[in-house]
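[1] Sequence first, predicted model second:
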Amino acid sequence: MITAKHHWLADALIYRYLIGLCRKRFHSVKVKGLDHLDLLDPMTPVIAIANHTNWWDGFMAYFLSKKMKDHQIHLMMEHKQMQHYSIFRHIGAFSVELDSKIKSAKSLHYAVRVLQKPSSLMWIFPQGSMVSPHAPLKFKPGLDFLIKKTPQVQLMTIAFRYEFLREDRPQALVLIDQPQLITPSSTASPEDQLHQCCEKLFQDLKAHTLDDYQSLLAPQLSINKKWEKFLFTIRGESSIFKQNN
């Protein structure tokens, strides 16, 4: 397996690259529940679980981790992808081979050791691979193993969606549920919690109730809005220009 090996310079460069990439590819990145991150205990490790429907999920996880400054990110990444993008080990990624029980067990034991550190933040996509956002959630067994092997951990449940709404580029939407303290004897179902989180995000989207979602990046102007802003400006009416369609 390929282990994580954090490096401050790679982290700074990748973060700067990610900001620029998101500005080019998305109209905005909006999050609801960002205040829940303030509830995290800096002296207790965190497992963050999310649905996995898109190539962008790992980048969004890294982006959100910058808001959890008291914890050091680690993220499980498929081994073949890690071989191609080994630079990601320097921001906390480590490999897992899901096709081999022996090799995947090695990665899980590595994750258990990481979670012994109070400041650790472990990102897991428990579905194990990218699936349609409309498909039922079905977890691989690795998450249960980590919870059973960790005396106490804070569980963060996070839902991602990427949607074209009224703009020429998609919006990245994130919903963060309130963290829960989990022990090996806990009876709560992380699978049910993630399902509920994804359903909440879907219902917000369906009802067009996104006013509570905070923009992590300033929304980018669509093509028609750039032209409209130009017209407002030359008429001296830039103060009443509305940025969103």
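    Done, it's in.
[2] Identify the residue nearest the residue sitting nearest the centre point of the chain in space, chain neighbours excluded?
    Nearest residue to the geometric centre of the chain (CA atoms, centre = their mean): residue 61, 2.7 Å. Sequence neighbours aside, residue 123 is the residue nearest to residue 61 in space, at 4.6 Å (criterion: CB to CB, 6 or more residues apart in numbering). Any C-beta I mention is one placed from the backbone N, CA and C, and that applies to glycine too.
[3] Show me what the helix or strand harbouring the one you found pairs with in its sheet, parallel or antiparallel.
    Using DSSP states H and E, residue 123 sits in strand 120-124. For strand 120-124, the pairing partners within the sheet under DSSP bridges are strand 46-50 (parallel), strand 72-78 (parallel).
[4] Return the distance of the host helix or strand of residue 61 from the chain's centre.
    Residue 61 belongs to helix 57-65 when assigned by DSSP H and E. Put simply, helix 57-65 sits 4 Å off its chain's centre (CA atoms, centre = their mean, to the nearest Å).
[5] What mean pLDDT does it get?
    The average pLDDT within helix 57-65 is 93.
[6] Help me confirm that residue 205 comes into contact with residue 162.
    No - judged on CB atoms under 8 Å, residue 205 makes no contact with residue 162 at a distance of 10.8 Å.
[7] Please enumerate the shared neighbours of the two.
    Residues touching both residue 205 and residue 162 (CB atoms under 8 Å, 6 or more residues apart in numbering): residue 173.
[8] Could you tell me which residues make contact with residue 176?
    Applying CB under 8 Å, 6+ apart, the residues near residue 176 are 31-34, 36-37, 64, 156-158.
[9] ok, and the closest non-adjacent residue to it?
    residue 33 (3.4 Å).
[10] isn't the one you found right up against residue 173?
    No - contact between residue 33 and residue 173 fails when scored by CB under 8 Å: they sit 11.4 Å apart.
[11] Quick one: residues in contact with stretch 131-139.
    Under CB under 8 Å, 6+ apart, the answer for stretch 131-139 is 51-53, 126-128, 161, 190-191, 194-195, 198.
[12] buried residues in it?
    Under the neighbour-count criterion of 16 or more other CB atoms under 10 Å, stretch 131-139 has 133, 137, 139 buried.
[13] Any idea how far the helix or strand harbouring residue 106 is from the middle of the chain?
    In this assignment (DSSP H and E), residue 106 forms part of helix 101-114. Put simply, helix 101-114 sits 22 Å off its chain's centre (CA atoms, centre = their mean).
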